[in-house]
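> Let's see this in three dimensions:
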Amino acid sequence: MKTLNNFKKLALVTYLVLAFQLFSGWAVANAFGGDDQVITLKAKLIEKETNKPIVFANVFLANTNIGTVSNSDGEFILKVPGNHQNDEINISYMGFKSMKLKVGDFKISDETLLYMESEAVRLKELVVRTNDPITLIKGALKNIQENYGTTPYLCTAFYRESLMQNKQYVGIAEAVMQIYKSKYSNDLEQDRLKIFKGRKSEDVKKMDTLIFKLQGGHYVSLMLDLAKNPQSFMSQEYFDCYEFQPVSIANIEGKETYVIGFTQKKEVPEAFFDGRIYLDVATLAIKRVEFVISPTGLPISDQTLVKRKPANTEVNTVSGAYEVDYRELNGRWTLSHVRYEVKFKVDKKHQWFKKIYTSSVDLAITDKDTVNVSKFKLSESLKPNQVFADHVNEYYDENFWGDYNIIKPEESLQDAIDRISKKMKKYKSN
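Below is the predicted model of the structure:
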């Protein structure tokens with residue numbers, strides 16, 4: 001059916017077969033083009049009122065696309081080229097006041113604690129523009145070329161896949177990638193992606209009799225550029241499948257933003273979504289979209305998300321959550337960060353306990369080049385149906401990235417990295 005095909009475009013497609021294999025990792029990278037001196041900044045973002053960590057905040061060197069994202073502990077590491085030592089670092093997260101700091105405000109050899117203040121979301125009555133959500137979404141799509149440009153560009157990104165069995169990480173797969181972003185005015189030409197530098201690690205300990213492989217996760221990340229690939233809740237042919245909430249205006253990161261909520265109609269018997277769309281009031285640019293597979297859609301999503309499973313095994317989707325962020329620089333909006341996470345419950349006959357598998361993907365854009373744009377060959381590109389981890393052959397090495405920026409692994413992932421690295425060294429030496 002047409003609606004199912006639309007869901008497939010961003011479905012987390014998996015293989016479930018015999019034996020066991022997992023991948024994970026966490027980093028964002030950016031090359032500095034030959035700068036000899038690199039300044040490493042370390043900090044932890046904390047919510048001032050509650051002392052809780054600020055998770056997945058955007059951290060960028062001002063007036064550049066060099067950046068990273070805070071991890072689930074609120075920590076980040078940002079490596080800045082030496083010729084930018086007098087520039088500002090911008091930190092932003094929805095619902096909190098943006099921060100602007102000088103590079104010199106950070107401690108040199110230790111982690112800097114940064115407290116972010118929550119920003120009151122001030123709702124205002126709509127005065128100038130319509131308060132019809134569908135009209136606003138149509139306006140956002142109409143303004144795509146003006147807000148995002150009509151020429152292709154190259155960007156550097158970091159891509160990572162992670163998978164947990166229950167609450168335990170068991171491997172790493174991550175890479176610096178080059179992405180050819182085709183122009184937003186061309187619906188026929190697809191984006192291309194190739195691995196520049198990557199690594200993976202796999203736990204050699206046999207933990208199960210099940211293989212879990214993620215196919216095409218990198219491709220899904222590119223499809224989640226909703227300004228280029230509008231999904232069902234942003235496509236006119238599917239508007240009747242949703243209930244749209246009344247539009248509100250919120251002051252987010254110092255700019256007025258339309259907030260449009262949507263939910264799947266219960267009588268629609270297919271896999272759709274619930275979520276929110278954030279549009280810039282001045283330009284109708286898509287700033288952020290967050291959505292989940294709806295409760296109605298979850299039972300139906302299994303047939304799309306799980307491509308193959310063993311006999312005597314029941315696999316059910318527990319949840320699916322997606323986040324897409326854009327940032328503005330010099331009047332143009334650019335895809336900034338994509339994250340999605342899907343949880344499955346696996347129940348095998350003759351086993352006492354059900355297992356929960358959590359598969360996550362992060363794609364973060366860390367540099368953009370609009371001048372030296374050359375589309376690389378299709379033969380060099382990672383194909384949509386390929387398994388990313390099968391194409392990354394380096395085992396974990398703490399010095400692997402050199403001067404590339406990384407998203408600092410949270411404590412539990414770092415423990416897994418250390419554990420798996422030791423296992424691999426032992427395995428190789430035997």
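
> where does this structure dip in pLDDT?
Along the chain, segments meeting pLDDT under 70 span 1-36, 120-130, 170-171, 186-187, 202-211, 350-353, 394-430.

> ranges for the helices of it?
2-8, 133-142, 144-148, 217-223, 298-305, 411-429 (DSSP state H).

> So for the fifth one, what gets flagged as buried?
Going back to what we said before, that points to helix 298-305. 298, 300-301, 304-305 (16 or more other C-beta atoms under 10 Å). Where C-beta positions appear, they are placed from N, C-alpha and C, glycine not excepted.

> In these, find the pair that's most separated.
Leu298 and Thr304 (11.3 Å; C-beta to C-beta).

> who touches both of those two?
Common neighbours of Leu298 and Thr304, counting by C-beta atoms under 8 Å, 6 or more residues apart in numbering, are Ala271.

> picking that back up, nearest to Gly82, of the buried residues of helix 298-305?
Leu305 (45.8 Å).

> what about Tyr159, how many neighbours?
If you count neighbours by other C-beta atoms under 10 Å, Tyr159 ends up with 29.

> what residues are up against it?
By C-beta under 8 Å, 6+ apart, the neighbours of Tyr159 are 174-175, 177, 193, 218, 221, 361-363, 388.

> ok, what's across the strand from it?
Beta-bridge partners recorded for Tyr159 (DSSP bridges): Ala175, Leu363.

> Give me the distance between it and Lys197.
11 Å (C-beta to C-beta, to the nearest Å).

> same check, this time on Pro269
In terms of C-beta to C-beta, Pro269 sits 45 Å off from Lys197.

> higher neighbour count, these two?
Neighbours were counted for Pro269 and for Lys197 using other C-beta under 10 Å; Lys197 has more, 18 against 11.

> Bridging across strands, which residues link to that one?
Bridge pairing for Lys197 - DSSP bridges - gives Val176.

> surely it meets Glu174?
No: look at Lys197 against Glu174 with C-beta atoms under 8 Å: they stay out of range, at 9.5 Å.

> Strands of the stretch 301-430 of the chain, residue ranges please.
Applying DSSP state E, counting those that start in this stretch to the stretch 301-430 of the chain gives strands spanning 306-308, 313-329, 332-348, 355-369.

> for these, which one sits closest to Tyr238?
Of all the strands of the stretch 301-430 of the chain, strand 313-329 comes closest under C-beta to C-beta, at 16.1 Å.

> For that closest one, which residues meet the burial criterion?
For strand 313-329, by 16+ other C-beta under 10 Å, it's 313, 315-317, 320-327.

> Straight-line length of stretch 51-71, end to end?
Using C-alpha to C-alpha, to the nearest Å, one end of stretch 51-71 lies 15 Å from the other.

> Give me the buried stretch members for that stretch, please.
Buried, per 16+ other C-beta under 10 Å, within stretch 51-71: 53-54, 56-61, 64-71.

> repeat for stretch 268-279
268, 270-275, 277-279.

> With stretch 340-355 instead?
Across stretch 340-355, burial judged by 16+ other C-beta under 10 Å covers 340-344, 346, 348, 355.

> Run through the bridge partners of the closest residue to Lys107 other than its chain neighbours.
For Lys107, ignoring the flanking residues on the chain, the nearest one in space by C-beta to C-beta, 6 or more residues apart in numbering is Lys42 at 7.5 Å. When assigned by DSSP bridges, Lys42 has beta-bridge partners Ile77.

> What about Lys42, how many residues nearby?
16.

> my read: it touches Asp110, true?
Yes: the criterion here is C-beta under 8 Å, and Lys42 meets it with Asp110 at 7.2 Å.

> which one of the strands of the stretch 301-430 of the chain lies closest to Asn83?
Nearest to Asn83, of the strands of the stretch 301-430 of the chain and by C-beta to C-beta, is strand 355-369 at 15.2 Å.

> what angle sits between that closest one and strand 332-348?
Our comparison of strand 355-369 with strand 332-348, counting by axes from the mean of the first three to the mean of the last three C-alpha atoms, to 10 degrees, yields an angle of 160 degrees.

> okay, the angle between strand 355-369 and strand 313-329?
Using the same axes, to 10 degrees: strand 355-369 against strand 313-329 is 20 degrees.

> buried sites along strand 355-369?
355, 357-368.

> again with stretch 154-169
154-165, 169.

> Take these and keep only those in strands.
Using DSSP state E, the subset of the buried residues of stretch 154-169 located in strands is 154-165, 169.

> Widest-spaced pair of these?
Leu154 and Gln165 (36.8 Å).

> rewinding a little: from the buried residues of stretch 51-71, which single one is nearest His84?
Distances from His84 to the buried residues of stretch 51-71, taken by C-beta to C-beta, are shortest for Leu61, at 5.9 Å.
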